[in-house]
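1. Give me the fold of what follows.
(one chain, ligands or ions: 1)
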Amino acid sequence: MLSETTPPEETNQSTPLRADELVKTFRQGSNLVKALNGVSLSIQKGEFTAIMGPSGCGKSTLLHVMAGLTRPDSGAVWVEGEKLSSLSDAKLTDFRRRRIGLVFQQFNLVTALTALENVMLPLMAEGGRGSADAQDRARHLLDRLGLGDRLGHRPDAMSGGEQQRVAIARALVTDPAIILADEPTGSLDSGNGNAICSLLRELNQEEGRSIVMVTHEPAVAAWAGRVVVMKDGAVCSDWNADQFPDAQSLALRYQEIVSGQAAMGAV
Ligand SMILES: Nc1ncnc2c1ncn2[C@@H]1O[C@H](COP(=O)(O)OP(=O)(O)OP(=O)(O)O)[C@@H](O)[C@H]1O
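-> Numbers count the residues shown, from 1 in each chain. Reported below is the predicted structural model:
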């Protein structure tokens, strides 16, 4: 049993994220649905992790709890050694804005703002940074992600793939401890989806970004270095992606696990 105040031994500022024994139950009419049933997960610095599992297994709930968007019934999340449940709502919002980069399936850009303004947003809430500084940083990131010629475009004048790249730039602009992405390719065709996966892998391999990505597609998960499989609100497998020669073998193994044809936890 963990102490209320002391983080687990290996949870410190160099561990981007650690989740311990998360439980989350939702009420649906007269039924209680246990979306998370004791999930523990430790993300090391520079890891690109995919969380995979069938619809309703709790992937999004886990990502939202790890991001501090949803409070768990019990268990705890530490980001860089900071225990999210110890923070007030206001402090948690500020901490999330600075230290956690969020990417969503629907991009969640502000439609009235340009690409540049969307990326600058998280910095504008920060008293210490002048807007010229924020603009330089946002411009540099958009350039880096191949959108140097889209700075003044509003979201509705960009393709889905471009909008997701703007959302990734916005997630990176505060130089967060970790990027949490919920089905980042879910609204894209396969070409744009592959381009986003390739970009995430590049950010991981070239800049050492720590990334957790939820997906229900084995072909998307195969871009990550580590693949965690969930079933019925629990982690049932945790794989190093290198053990699979290709995405098809990963997909096959995944099907065996979720259809119950393999022993739980087996690799
Ligand atoms: N706000 C909510 N209120 C009630 N039930 C919820 C809520 N959010 C999630 N659930 C339930 O919790 C379970 C886990 O949902 P969750 O969205 O985390 O699964 P998922 O694996 O991300 O599914 P999908 O791949 O379909 O998005 C499901 O049974 C879902 O219906």
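2. Residue ranges in the stretch 101-250 of the chain under the pLDDT threshold?
-> 126-130 (pLDDT under 70).
3. Could you show which parts of it are in contact with the ligand?
-> Taking Cβ under 6 Å from any ligand atom as the criterion, the neighbours of the ligand within the stretch 101-250 of the chain are His216. C-betas here are computed from N, CA, C, even on glycine.
4. all strands of the stretch 101-250 of the chain, in order?
-> 178-182, 211-215, 226-231, 234-240 (DSSP state E, counting those that start in this stretch).
5. between the longest one and strand 226-231, how many degrees?
-> With axes from the mean of the first three to the mean of the last three Cα atoms, to 10 degrees defining the directions, strand 234-240 sits at 160 degrees from strand 226-231.
6. same deal with the second one?
-> Between the direction of strand 211-215 and that of strand 226-231, the angle (the same axes, to 10 degrees) works out to 40 degrees.
7. ok, back up a step: among the strands of the stretch 101-250 of the chain, which is the most enclosed?
-> strand 211-215 (a mean of 26; mean count of other Cβ atoms under 10 Å).
8. any idea how far that strand is from the chain center?
-> 5 Å (Cα atoms, centre = their mean, to the nearest Å).
9. Repeat that for stretch 64-72.
-> On Cα atoms, centre = their mean, the centre of stretch 64-72 falls 12 Å from that of its chain.
10. First-to-last residue distance for it?
-> Using Cα to Cα, to the nearest Å, the end-to-end distance of stretch 64-72 comes to 10 Å.
11. ok, now stretch 54-63?
-> Span of stretch 54-63 from end to end, Cα to Cα: 15 Å.
12. picking that back up, now the strands of the stretch 101-250 of the chain in JSON lines, with distance to Glu80?
-> Compiled in JSON lines, the strands of the stretch 101-250 of the chain are given as follows (distance: least, Cβ to Cβ, whole Å):
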{"stretch": "strand 178-182", "distance to Glu80": "8"}
{"stretch": "strand 211-215", "distance to Glu80": "14"}
{"stretch": "strand 226-231", "distance to Glu80": "19"}
{"stretch": "strand 234-240", "distance to Glu80": "22"}
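13. Which stretch among the ones you listed approaches Leu87 most closely?
-> strand 178-182 (16.1 Å; Cβ to Cβ).
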